[in-house]
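Q: everything below, folded, please.
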Amino acid sequence: MTKKKKKNKGFSPLSGRDFKVCIFGDDGVGKYTLVNRVKLTKLFDEDIKMTVGANFYVKDFEIDGKKVIIQFWVFESGKRFKVLLPSYAKGADAGIFMYDITRYTSIKNIDDWLSIFEKNVREKEILIPIIMVANKVDDKQHRSVSQVDAVEIQEKYNLASYIEISAITGENVKKMFDVIINLMLKRTEEGDYFRSKTEKLGNFDEEIAYMSDEEIAEVVKERLRERERLAREPEEKFKKYKKNIANVKYVREKKIMQSFLNAVSNDTGLVAYGLEEVQKALNMGAVAKLILSEKLDTYQVDITCSNCNYKESRTAREREKVKIELSIQDERCPNCGSNAFNVSNSVLIVEALGSIAETMGSEVIIISPDTEEGEMLYSTFGGIVAILRFKLSY
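A: Numbers count the residues shown, from 1 in each chain. Prediction:
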């Protein structure tokens with residue numbers, strides 16, 4: 001009779017873990033100085049932050065013998081991007097709020113930044129650790145945010161940690177990453193929320209459960225050899241990350257557009273398209289998903305008569321705005337007949353609609369033109385459509 005091997009309880013397997021960390025704060029607080037200091041590897045060659053409002057990086061860390069891979073999502077602070085940032089925070093394992101100790105306004109905006117970050121990550125009692133990082137301690141003579149004030153703010157918002165660093169000199173930068181990694185690992189080990197994307201060859205715990213010590217040693221050696229091979233191929237790994245991110249993005253966009261097109265073809269009444277119709281639906285709170293083309297570069301130009309305060313809005317591309325400013329000087333107001341028109345405001349349609357969507361709790365989705373559905377959105381529907389919560393009655 002074959003003797004059953006005794007289960008081995010004295011082995012804790014090695015494991016690789018993948019985390020997502022969002023870095024956010026006002027412009028000029030040193031986010032990209034920090035990125036350059038720790039030599040993060042950029043996932044995209046081109047600078048896409050002006051298009052989507054964030055840049056993406058990745059880096060391997062080892063702490064207490066545990067190897068982790070962290071994806072860093074660095075948020076931009078432009079007004080036009082703030083409606084998009086909450087969706088980027090989905091799936092985050094931690095957040096880093098950065099401010100500048102020499103600029104008090106950069107910490108005053110913490111409430112806005114936390115509301116953006118926490119909108120999609122602190123739902124259903126899932127607590128994500130957020131640390132507050134004070135940068136530019138190398139310039140203490142110009143400090144305008146005291147440590148006492150900072151600690152009070154940390155306690156007020158129940159943040160996991162507060163650290164002062166210098167992204168220029170490197171002071172406390174390693175400590176900062178050690179803190180954020182340990183916080184994420186602690187949550188993982190406590191089973192609060194676990195997310196692993198690393199490839200595994202079967203269930204390692206079950207695989208070694210009934211092995212002898214010699215057999216376990218061979219398995220461990222093989223795993224270590226595999227890790228060394230992967231470590232020698234960082235470019236391939238990063239290319240894979242880049243490709244996977246792009247694939248996930250395009251698959252999601254195709255599904256969203258297919259959902260919209262199905263609603264159009266089935267005449268459900270739960271869609272809107274074109275600036276005027278979508279804007280009206282947004283103002284009525286009817287929009288569930290606001291879908292905009294990445295190619296959309298149209299402005300809403302508001303024109304006011306300084307004589308009678310008559311107002312109207314027009315749409316124009318960047319190069320056409322100047323023509324409007326010149327042509328309205330010769331136009332007469334339809335209300336009072338004077339030629340006192342002037343441009344009172346101009347804003348990107350994406351910003352204008354996104355601002356209304358944020359107020360009404362509508363999801364904003366930006367679609368790339370790189371798929372057939374994305375090109376159709378721009379060329380057929382003008383780049384502005386919506387999926388509605390309920391039918392409109394005009």
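
Q: alpha carbons only for contacts and neighbour counts from here, please
A: Fine.

Q: can you pull the pLDDT of residue 219?
A: pLDDT for residue 219: 62.

Q: typed the wrong thing, it's residue 17
A: Reading off the model, residue 17 has pLDDT 69.

Q: same check, this time on residue 47
A: The model reports residue 47 with a pLDDT of 44.

Q: over to residue 264?
A: Residue-level pLDDT assigned to residue 264 equals 82.

Q: with the one 5 residues further on instead?
A: Turning to residue 269, the model gives it a pLDDT of 88.

Q: then residue 273?
A: Per-residue confidence for residue 273 comes out at a pLDDT of 89.

Q: any idea how far it is from residue 186?
A: Going from residue 273 to residue 186 by CA to CA, to the nearest Å gives 47 Å.

Q: between the two, which one's more packed in?
A: Per other CA atoms under 10 Å, whichever of residue 273 and residue 186 has more neighbours is residue 273, with 21 against 12.

Q: so that one bridges to which residues?
A: According to DSSP bridges, the partner residues bridging residue 273 are residue 385.

Q: what residues are up against it?
A: Taking CA atoms under 8 Å, 6 or more residues apart in numbering as the contact definition, residue 273 lies against 381, 384-386.

Q: can I get the residues you listed in a markdown table with pLDDT and distance to residue 72?
A: As requested, the contacts of residue 273 are exported to a markdown table (pLDDT from 0 to 100; distance: CA to CA, whole Å):
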| residue | pLDDT | distance to residue 72 |
| --- | --- | --- |
| 381 | 84 | 35 |
| 384 | 91 | 30 |
| 385 | 92 | 31 |
| 386 | 93 | 31 |
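
Q: tell me the domain boundaries of the protein?
A: Here the domain assignment for the chain is 17-190, 264-388, based on automatic domain parsing.

Q: and these, which one is worst for confidence?
A: domain 17-190 (a mean of 80).

Q: just the strands in this protein please.
A: Secondary structure of the chain, counting by DSSP state E: strands at 17-24, 41-42, 54-63, 66-75, 94-100, 130-135, 161-164, 271-273, 287-293, 298-305, 311-317, 341-348, 363-367, 384-388.

Q: how many neighbours does the closest residue to residue 303 other than its chain neighbours have?
A: Taking CA to CA, 6 or more residues apart in numbering as the measure, residue 303 lies nearest to residue 343, with 4.6 Å between them; neighbours along the chain are not counted. Neighbourhood size, residue 343 [other CA under 10 Å]: 19.

Q: count of neighbours near residue 383?
A: For residue 383, which is what you asked about, the neighbour count (other CA under 10 Å) is 25.

Q: again but with residue 285, I slipped
A: Residue 285 is flanked by 18 other residues according to other CA under 10 Å.

Q: cool, and the one 10 residues further on?
A: The tally of other residues near residue 295 (other CA under 10 Å) stands at 17.

Q: still on that earlier bit, how far away is the residue nearest to residue 303 from residue 298?
A: When CA to CA is the yardstick, residue 343 and residue 298 sit 16 Å from each other.

Q: kindly report the same for residue 304.
A: Counting by CA to CA, the separation of residue 304 from residue 298 is 19 Å.

Q: now swap in residue 266 and tell me
A: Spatial separation of residue 266 from residue 298 under the definition CA to CA is 30 Å.

Q: looking at the two, which is more packed in?
A: residue 298 (18 against 9).

Q: number of nearby residues for residue 380?
A: As a burial measure, residue 380 scores 12 neighbours (other CA under 10 Å).

Q: now swap in residue 276 and tell me
A: A count of neighbours around residue 276, defined by other CA under 10 Å, yields 11.

Q: tell me the one among the contacts of residue 273 nearest to residue 290.
A: Within those, distances to residue 290 taken as CA to CA reach their minimum at residue 386, with 4.6 Å.

Q: isn't that closest one right up against residue 275?
A: No: Residue 386 is not in contact with residue 275 according to CA atoms under 8 Å; the separation is 10.1 Å.

Q: neighbour-wise, which of these two wins?
A: For residue 386 versus residue 275, neighbours defined as other CA under 10 Å are more numerous around residue 386 (27 against 18).

Q: residues in contact with the more buried one?
A: Under the criterion of CA under 8 Å, 6+ apart, the contact list for residue 386 reads 260, 271-273, 278, 287-291.

Q: now do residue 176
A: Residue 176 makes contacts with 133, 163, 165, as judged by CA under 8 Å, 6+ apart.

Q: kindly reformat the residues you listed as a markdown table and extend each row with neighbour count.
A: Output for the contacts of residue 176, formatted as a markdown table (neighbours: other CA atoms under 10 Å):
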| residue | neighbour count |
| --- | --- |
| 133 | 24 |
| 163 | 18 |
| 165 | 24 |
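
Q: out of the residues you listed, the closest to residue 27 would be?
A: residue 133 (14.4 Å).

Q: which ones are touching the closest one?
A: Taking CA under 8 Å, 6+ apart as the definition, contacts of residue 133 comprise 96-99, 162-165, 176.

Q: identify the farthest-apart pair in these.
A: Among the contacts of residue 133, the pair separated by the greatest distance (CA to CA) is 99 and 176, at 14.0 Å.

Q: measure residue 389 to residue 312 for me?
A: Plainly put, residue 389 is 29 Å away from residue 312 if you go by CA to CA.

Q: now do residue 333
A: Residue 333 is 10 Å from residue 312, where distance means CA to CA.

Q: do you know how far residue 25 is from residue 112?
A: Residue 25 sits 10 Å away from residue 112 when distances are taken as CA to CA.

Q: give me the more crowded residue out of these two.
A: Set side by side, residue 25 and residue 112 give different neighbour counts by other CA under 10 Å, the larger being at residue 25 (26 against 11).

Q: skipping its backbone neighbours, what lies nearest that one in space?
A: The nearest residue in space to residue 25 (CA to CA, 6+ apart) is residue 98, at 5.1 Å.
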